[in-house]
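Asks: Task: produce atomic coordinates for the following.
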Amino acid sequence: MLARAARRGREPARSLVNAVAHMISLLPTEAIRRLAALRAHGTSGAAAGRPRGALDVAEASARVLARWGGELCGLLNAMTRGELTALALQLGVPAAPRAPALRQALWDRGAALERGDAEVPPVVQPRPIVLGGHLVIQAPPRGLYPPSLRWPRPVPAPRPPAPPPGEPDTLDELLAAADRAIGVRLGARGRDKGAWGVRAAQLLGIVERNEREPDWRGDVEVKTVAIARDASGWWRVVEDPAIAMAGEPALAKLARTLWLARCDVEASATDATIVSWYLLDWDPGIARLTRRDLHDRPKGPAGSAARGLYLHKRFFADAGLLATLNGDARGAGANRGAPA
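Replies: Just a heads-up that it's a prediction; the model follows:
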C-alpha cells in the first residue's frame, strides 16, 4: 500500500511491513480460500481459476496477495463483517458494530504497520473515505475546479440564472459561466432524463447541436454527473453517466470534459442544482481510466434495441473529481480556478 502510494506521489518511501501480507497471515483458512475464489471485476469464471475447495492454504494466500498486495482498501472491502471482526481481534483493534467502521479502523492499523516510526505525508499514504460502506481512495485533482470555504462542499444557496448572451468565445468565459451556474435551480425534470443536462448546458451558453464532436466549439464536452451525500457525509457519484450512443466516438468527445456535478435539492428529486464543476484534460492516465471504465448497456425505453456508452462511477474517484467535492487529503482541499 505505502510503496504503491509512494510511486504515485513520486516520493521515496520504505515500507517496514506489507500490511496486506500480514493481515492475510492472520485470517482463518476458510476466509483466505473465499477471498481467493472471488472474481476480479470484468473477469469470467474461467479466469477466476480453480474453485476455493481445490486450493490449499498456500495457493489461496498467494492468489490473494497477488491480487491485493498493494491495495489494502481492496482487501478490506472484499471481507465480510465476520472476517473483519476476526482480523480485528487478532490485531487488537477495538471491535466496531458496523463493517465500515471496522474497515476504517483496520486500514488505520495497516497504515501504521507500514509506516512504522517514519513521518509519512498524506501524498504518500492518503487516508481513504467511506462511501457506500467501502473504503475509497480519492485521487488528487488533475484539472481546474472552483474553490470552497468548506469541505465537503455544501449545497449552494439558490442563485438566479445568469447565462451569457451568446456562446462563450474563450475557455475562461466558459468557466466563468460555469461559476455562475453553481446554485442555480434547474426546475422540475419531468420524464426526460436528459432535461437537467440540457438546462445546465444552456446556463453555460452551449447551443445543443447533437453533433458527434464535443459540445463547446468542438473542444470541450460538457457533461453533468449526479452526486449525493453518502451516509458518511461525503459526496459520492450516484450513477454511471451516459457518454454517447454506441458507435459514436466517445473517446474523442472525452478528450477535454467539463463535468458539472449536480445534486437533488429535495428528497422528492423534483429539483436539482449545480454544486461544482471540474475541467478534466486527456492524458495517458485518464485515457487508461476511461478505457477501463467505459462500458455499454441498453439505453432508452423498455424494449428498445439502442445501446449507450456509460462511464463507471469509480472513474470519478480515480480521476480526481471526488477530491474536488470532498477536499483533497493530500493538500487539505487545495483549490484552482476562479471563485464561484
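
Asks: how about the strands in the stretch 151-300 of the chain?
Replies: 221-229, 235-237, 242-245, 256-264, 272-281, 294-298 (DSSP state E, counting those that start in this stretch).

Asks: Let's have the ones you listed in a markdown table, adding distance to residue 105, mean pLDDT and mean neighbour count.
Replies: Where C-beta positions appear, they are placed from N, C-alpha and C, glycine not excepted. Output for the strands of the stretch 151-300 of the chain, formatted as a markdown table (distance: least, C-beta to C-beta, whole Å; pLDDT from 0 to 100; neighbours: other C-beta atoms under 10 Å):
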| stretch | distance to residue 105 | mean pLDDT | mean neighbour count |
| --- | --- | --- | --- |
| strand 221-229 | 23 | 96 | 19 |
| strand 235-237 | 21 | 98 | 23 |
| strand 242-245 | 38 | 92 | 18 |
| strand 256-264 | 30 | 97 | 22 |
| strand 272-281 | 30 | 98 | 23 |
| strand 294-298 | 34 | 93 | 14 |
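
Asks: quick one: which of those strands is nearest residue 151?
Replies: When those are compared by C-beta to C-beta, strand 235-237 sits nearest residue 151, at 9.7 Å.

Asks: tell me which strands and helices that closest one is in contact with?
Replies: Applying 3 or more C-beta pairs under 8 Å, 6 or more residues apart in numbering; DSSP states H and E, one finds that strand 235-237 contacts strand 221-229, helix 321-326.

Asks: that's a helix at residue 309, yeah?
Replies: No. Residue 309 is assigned strand when assessed by DSSP: H, G, I helix; E, B strand; the rest coil, not a helix.

Asks: Specify the local secondary structure of residue 125.
Replies: Following three-state DSSP, residue 125 is assigned to coil.

Asks: pretty sure it contacts residue 113?
Replies: No. At 11.4 Å, residue 125 does not count as touching residue 113 under the criterion of C-beta atoms under 8 Å.

Asks: about what we covered before: for residue 242, find the nearest of the helices and strands packed on strand 235-237.
Replies: Comparison of the helices and strands packed on strand 235-237 against residue 242 by C-beta to C-beta identifies strand 221-229 as nearest, at 8.5 Å.

Asks: Neighbouring strands - and their directions - for that closest one?
Replies: When sheet partners are counted by DSSP bridges, strand 221-229 sits next to strand 235-237 (antiparallel), strand 256-264 (parallel).

Asks: just so I know, which of those strands lies nearest residue 146?
Replies: Closest approach to residue 146 among the strands paired with strand 221-229 (C-beta to C-beta): strand 256-264, 10.5 Å.

Asks: Run the angle between the closest one and strand 307-311 for me.
Replies: Orientation check (axes from the mean of the first three to the mean of the last three C-alpha atoms, to 10 degrees): strand 256-264 against strand 307-311 gives 90 degrees.

Asks: How far does strand 256-264 sit from its chain's centre?
Replies: Here strand 256-264 is found 13 Å from its chain centre; the criterion is C-alpha atoms, centre = their mean, to the nearest Å.

Asks: from now on call the first residue 11
Replies: Sure thing, new numbering starts at 11, so read that last one as strand 266-274.

Asks: so it versus strand 282-291, what angle?
Replies: Orientation check (the same axes, to 10 degrees): strand 266-274 against strand 282-291 gives 160 degrees.

Asks: what sits up against strand 266-274?
Replies: Outside strand 266-274, the residues within contact range by C-beta atoms under 8 Å, 6 or more residues apart in numbering are 165, 184-185, 188, 191, 196, 206, 210, 214, 224, 226, 229-239, 245, 281-292, 331, 335.

Asks: Indicate which one of the strands of the stretch 161-310 of the chain is closest to residue 94.
Replies: Set against residue 94 and scored by C-beta to C-beta, the strands of the stretch 161-310 of the chain come closest in strand 245-247, at 21.4 Å.
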